[in-house]
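1. Okay, predicted coordinates and the sequence, questions at the end:
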Amino acid sequence: MTRKDSLFLLLLAFLIACTPAASAPPTPTTDLAQLYLNAMQTVVAEVTLTAAAFSPTPEPTATFTPAPSPTAGTPAITLEFSPTPVPCNSLTFDPATVDVNYPDGTIVSPGQEFTKTWRVKNNGSCTWGTGYGLVYAGYADRMNGIPQPLPKAVLPNEEVLVSVLFRAPTKAGEYLSAWRMSAPIGGPFGKPLFVKIVVP
């Protein structure tokens, strides 16, 4: 061997001797606490993502937006409501108390005279004075009715008793007569008033 080769081998041996021995890669140690922590964090992350995917979308809430206030140049519109005018001639009554006597179905002897009286209210704006009174409504049986004059002038919102003198028919049966209040100008007004009798 040549000197050169020997020197080379010697140098190589020296280098190999100086080189630290090859060590095996370090084996990682398993930390169980860290492993459990990582597993729990993964489960929590999965549950959070699942809940977020299935949670309902929140409904929008209504918010109050005030109307803009009118500016100086905008005219304001004012609505004025006038009350419904009260008619001059109007009559009303309470169905429970309208019949003062001879309620419907009263038995009256054939040919008997009787006076039927009703309680009514002037709910118009005019006073019922001379010329006001009951008139035959034009249907049902008149039964020879003669309306009695009003006992007095009847002011608006005042109640009064009004009457008609009747003669019962002589033939047996059920009889009905209809009457209305009437004004000297304008004629009949208000709902009709009825008398209903039975002749045996």
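-> Great, that's in hand.

2. Skipping its backbone neighbours, what lies nearest Cys88 in space?
-> Cys126 (4.1 Å; CB to CB, 6 or more residues apart in numbering). In short, each C-beta sits where N, CA and C put it, glycine included.

3. host element of the one you found?
-> Cys126 is part of no helix or strand when elements are defined by DSSP states H and E.

4. how about the strands in the chain?
-> For the chain, the strands defined by DSSP state E cover 91-92, 106-107, 113-122, 133-140, 146-147, 159-167, 173-183, 187-199.

5. For Pro200, see how far away Asp169 is.
-> Check again: residue 169 is Pro, not Asp. The gap separating Pro169 from Pro200 is 12 Å, by CB to CB, to the nearest Å.

6. go on, Ala183?
-> Taking CB to CB, one finds Ala183 at 38 Å from Pro200.

7. and what of Ala178?
-> Distance from Ala178 to Pro200, by CB to CB: 23 Å.

8. The closest residue to Asp94 other than its chain neighbours - how many residues pack around it?
-> Among residues not flanking Asp94 along the chain, Arg119 sits closest, at 7.5 Å (CB to CB, 6+ apart). Arg119 has 15 neighbours, counted by other CB atoms under 10 Å.

9. Please name the bridge partners of Arg119.
-> On the basis of DSSP bridges, Arg119 is bridged to Leu161.

10. Now do the same contact list for Val160.
-> Arg119, Val120, Lys121, Asn122, Trp128, Leu150, Pro151, Lys152, Val154 (CB atoms under 8 Å, 6 or more residues apart in numbering).

11. burial count for the last one?
-> Spelled out, it's Val154. There are 22 residues near Val154, going by other CB under 10 Å.
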